[in-house]
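S.K.: no sequence for this one, just the structure:
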């Protein structure tokens, strides 16, 4: 299962050698019933483009494909294929004129890539766009509630690492992305490498998405950090930030100044934010820390196994050549 997951991730993220690339823009779009929605797919290069619909709990189903000249061929296996057309002004964008709740799904554009060094055809997918369909009179956007956990001094592993947590919950639609930043001695915010960041999603009883950042114990105790959450589908106030100060600093509060925090829009709605530090408060983070550290160890172990296999094959090849001579 782990190898299958890695293979799917590679298909989604590996760029094509021939220069074809896909950009689907927003990860979530919100529309009320009866409205028209455009699902974007910006294509660099030339190729046949396929559109797939994936509803919750179902396998992806192709809607149609578009030739390089703009000819559209619908897939008769999908009962909703005739509901969609192609925007002629933007060759590969999908258009839905009468949006219904039955259209709520994730939509992916894709193309066949023949540039594999093994000579195989590989279908490569875009990042996908989630379409959320709501009632005309219903409030369609709910901003996330953010909760941050600084590590306790007792929660340190044998390598001197600690884990900071940032929770986002209660949001509609329930798609968020995270970015961590640390404050330098000069007071400037800089991005933290994603290599030490993991994410976990909990579906019940309510959707909660948690970002876990593993940091050195000394850095965790002596630096200020902030978690920036971007709410996909929220066009008015897409970003929220939660600053997690070191223990001898003032309590966390929402930034109101764009000049000091250019990555976040000022909020016009009340968002509950908490910064928690201490032994009793850190109990829920222990499982997440073990999970995060275990995943990192698994990734390192997998890399070591792959390198070892290549080295063994190389040695075996050298022995065969020496025996021939």
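M.R.: Received, thanks. Keep in mind that what you see is a predicted model, and the values were worked out from it rather than measured.
S.K.: Which parts of the stretch 151-300 of the chain are strands?
M.R.: 161-169, 176-183, 189-191, 197-202, 208-216, 225-231, 239-244, 273-276 (DSSP state E, counting those that start in this stretch).
S.K.: Only the buried residues of the shortest one, if you could.
M.R.: Across strand 189-191, burial judged by 16 or more other C-beta atoms under 10 Å covers residue 189. (C-beta placed from N, C-alpha, C; glycine too.)
S.K.: I'd like to know which elements it is packed against.
M.R.: strand 176-183 (3 or more C-beta pairs under 8 Å, 6 or more residues apart in numbering; DSSP states H and E).
S.K.: Check which helices and strands the strand it packs on sits against.
M.R.: By 3+ C-beta pairs under 8 Å, 6+ apart, strand 176-183 packs against strand 161-169, strand 189-191, strand 197-202, strand 208-216, strand 225-231.
S.K.: For the shortest one, give the mean pLDDT please.
M.R.: Taken as a whole, strand 189-191 carries a mean pLDDT of 92.
S.K.: For that strand, which strands pair with it and how are they oriented?
M.R.: When pairing is defined by DSSP bridges, strand 189-191 lines up against strand 176-183 (antiparallel).
S.K.: Can you name the residues in contact with the strand it pairs with?
M.R.: With C-beta atoms under 8 Å, 6 or more residues apart in numbering as the test, strand 176-183 has contacts from 27, 144, 164, 166, 168, 189-192, 197, 199, 209, 211, 213, 219, 223-232, 263.
S.K.: With stretch 107-114 instead?
M.R.: With C-beta under 8 Å, 6+ apart, stretch 107-114 has contacts from 16-18, 20, 22, 24, 39, 41, 43, 47-54, 60, 92, 94, 121-126, 128-131.
S.K.: Now the buried members of those.
M.R.: Among the contacts of stretch 107-114, those buried by neighbour count (16+ other C-beta under 10 Å) are 16, 20, 22, 24, 39, 41, 43, 47, 49-53, 60, 92, 94, 124-126, 128-131.
S.K.: Okay, the closest residue to residue 199 other than its chain neighbours and residue 230: tell me how far apart.
M.R.: Leaving out its chain neighbours, the residue that sits closest to residue 199 by C-beta to C-beta, 6 or more residues apart in numbering is residue 211, at 5.4 Å. Distance, residue 211 to residue 230, using C-beta to C-beta, to the nearest Å: 12 Å.
S.K.: what's the answer for residue 144, then?
M.R.: From residue 144 to residue 230 the distance is 10 Å (C-beta to C-beta).
S.K.: ok, now residue 33?
M.R.: Counting by C-beta to C-beta - residue 33 and residue 230 are separated by 26 Å.
S.K.: and the two? which has more neighbours close in?
M.R.: residue 230 (18 against 15; other C-beta atoms under 10 Å).
S.K.: ok, now which ones touch that one?
M.R.: 176, 177, 178, 179, 238, 239.
S.K.: which of those tops the neighbour count?
M.R.: Counting neighbours by other C-beta under 10 Å, residue 176 comes out on top of the contacts of residue 230 with 27 neighbours.
S.K.: And that residue, how close does it get to residue 209?
M.R.: 5 Å.
S.K.: residues bridging contact with these two, i.e. touching both?
M.R.: residue 168.
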